[in-house]
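**Student:** This is the structure alone, sequence omitted:
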Ligand SMILES: [Zn+2]
């Protein structure tokens, strides 16, 4: 699933091509991709507007429009946004096309049909409950420590909880916990101040590094020009098959289910403590 670094890459790479552009219309091949409002209203209200900005919040993309409304997109498990010339054919996984001026189109490609779009007046009605952005300056290790206080859930589950911290999913939670040498099943509130500092630094390091590598193409993630990201080549434990060896100590990496998601970790480097 695209996580913060993938969505940030899409935002960065789309931004120069779409800001200031007019929407000439939208074609939907899968009506279920529009969550709000109705499909008809979605298409008619979008048409004729200009895109005035593009931002990311958590794993959401937020396009601002001249009307003051916002178009919000969540790519979920398998979505990509591709920038195409108007002459390009839509492949069978394209669920929606947003037609822009200057013969340009934005294709929402989504093999599993889980992606969602909203057209709303108030972005907070969709993204208002998200936790802090891990790469913003306000997200200090003290903030992380505060949020972990008394939490009994496994730290891996908390890192993937979008109301606890925004943008991190299965891949980068595994990578951050490995970098901080913390077992994924440790209870959030049991981390020592030192461990919280290490985890805070690890979160920021793995996210920035993945952004530098334009995201991880482990599944269907594509950059807007259709090329792959390379962040997965840096992964230490995430998506390594069980039996692969830890790059630090050589112990076989283990995979355990936590809240129905496979969690990869090194049982030696991330030995459970307290
Ligand atoms: Zn190890």
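**Tutor:** Right, received. Where do you want to start? Remember, it's a predicted structure, so these values are computed and weren't measured experimentally.
**Student:** so when I look at residue 23, I'm seeing a helix, right?
**Tutor:** No - assessed with DSSP: H, G, I helix; E, B strand; the rest coil, residue 23 is strand; it does not lie in a helix.
**Student:** what bridges to it?
**Tutor:** In this entry, residue 23 is beta-bridged to residue 100, by DSSP bridges.
**Student:** which residues sit in contact with residue 259?
**Tutor:** Applying CB atoms under 8 Å, 6 or more residues apart in numbering to residue 259 gives the contacts 154, 156, 157, 160. The way it works is simple: take the backbone N, C-alpha and C, and place the C-beta from them, glycine included.
**Student:** and of those, the nearest to residue 245?
**Tutor:** residue 156 (21.1 Å; CB to CB).
**Student:** Check which helices and strands the helix or strand containing that closest one sits against.
**Tutor:** Element membership for residue 156, per DSSP states H and E: helix 155-160. Contacts defined by 3 or more CB pairs under 8 Å, 6 or more residues apart in numbering; DSSP states H and E place helix 155-160 against helix 170-179.
**Student:** Can you pull out the residues in contact with the helix or strand following the helix it packs on?
**Tutor:** Using DSSP H and E, the helix or strand that follows helix 170-179 in sequence is helix 193-212. For helix 193-212, contacts defined as CB under 8 Å, 6+ apart pick out 4-6, 8-9, 134-135, 139-141, 144-145, 148, 155, 159, 165, 167-168, 172, 175-177, 179-182, 191, 216, 229, 231, 234.
**Student:** For those residues, which ChimeraX command selects only the ones that are buried?
**Tutor:** Of the contacts of helix 193-212, the buried ones go into a single ChimeraX selection, burial set by 16 or more other CB atoms under 10 Å:
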select :4,5,6,8,9,134,135,139,141,144,145,148,155,159,165,167,168,172,175,176,177,179,180,181,182,191,216,229,231
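**Student:** Please name the nearest non-neighbouring residue to residue 271.
**Tutor:** In space, and not counting its chain neighbours, residue 271 is closest to residue 183: 6.7 Å by CB to CB, 6 or more residues apart in numbering.
**Student:** what about the spatially closest residue to residue 30 that is not a sequence neighbour, which SS state?
**Tutor:** Leaving aside its chain neighbours, residue 30 sits nearest to residue 95 (3.9 Å; criterion: CB to CB, 6+ apart). Here residue 95 is strand, with the state taken from three-state DSSP.
**Student:** Residue 17 now?
**Tutor:** Going by three-state DSSP: residue 17 is helix.
**Student:** picking up where we left off before, how far away is the residue nearest to residue 271 from residue 195?
**Tutor:** For residue 183, the distance to residue 195 (CB to CB, to the nearest Å) stands at 10 Å.
**Student:** do residue 271 as well
**Tutor:** 13 Å.
**Student:** higher neighbour count, those two?
**Tutor:** Taking other CB atoms under 10 Å, residue 271 and residue 195 do not tie; residue 195 has more neighbours (19 against 12).
**Student:** okay, the more buried one: pLDDT?
**Tutor:** The pLDDT attached to residue 195 in the predicted structure is 97.
**Student:** same question, residue 113
**Tutor:** For residue 113, the model assigns a pLDDT of 97.
**Student:** same deal with residue 242?
**Tutor:** pLDDT, residue 242: 64.
**Student:** what do you get for the one 5 residues further on?
**Tutor:** Predicted confidence (pLDDT) at residue 247: the value is 94.
**Student:** Check residue 274 too.
**Tutor:** Residue 274 is assigned 56 on the pLDDT scale.
**Student:** Residue 106 contacts residue 80, doesn't it?
**Tutor:** No - Residue 106 is beyond contact range of residue 80, at 10.7 Å (criterion: CB atoms under 8 Å).
**Student:** Residue 272: neighbouring residues, count only.
**Tutor:** Number of residues near residue 272 (other CB under 10 Å) recorded here: 12.
**Student:** show me what contacts it?
**Tutor:** Per CB under 8 Å, 6+ apart, neighbours of residue 272: 183, 185, 186.
**Student:** pLDDT and neighbour count added to the residues you listed, as TSV?
**Tutor:** Listed next are the contacts of residue 272 as TSV, based on pLDDT from 0 to 100; neighbours: other CB atoms under 10 Å:
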residue	pLDDT	neighbour count
183	98	19
185	97	17
186	97	20
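**Student:** tell me which of those residues is nearest to residue 41?
**Tutor:** For the contacts of residue 272, the nearest to residue 41 is residue 185 (46.0 Å; CB to CB).
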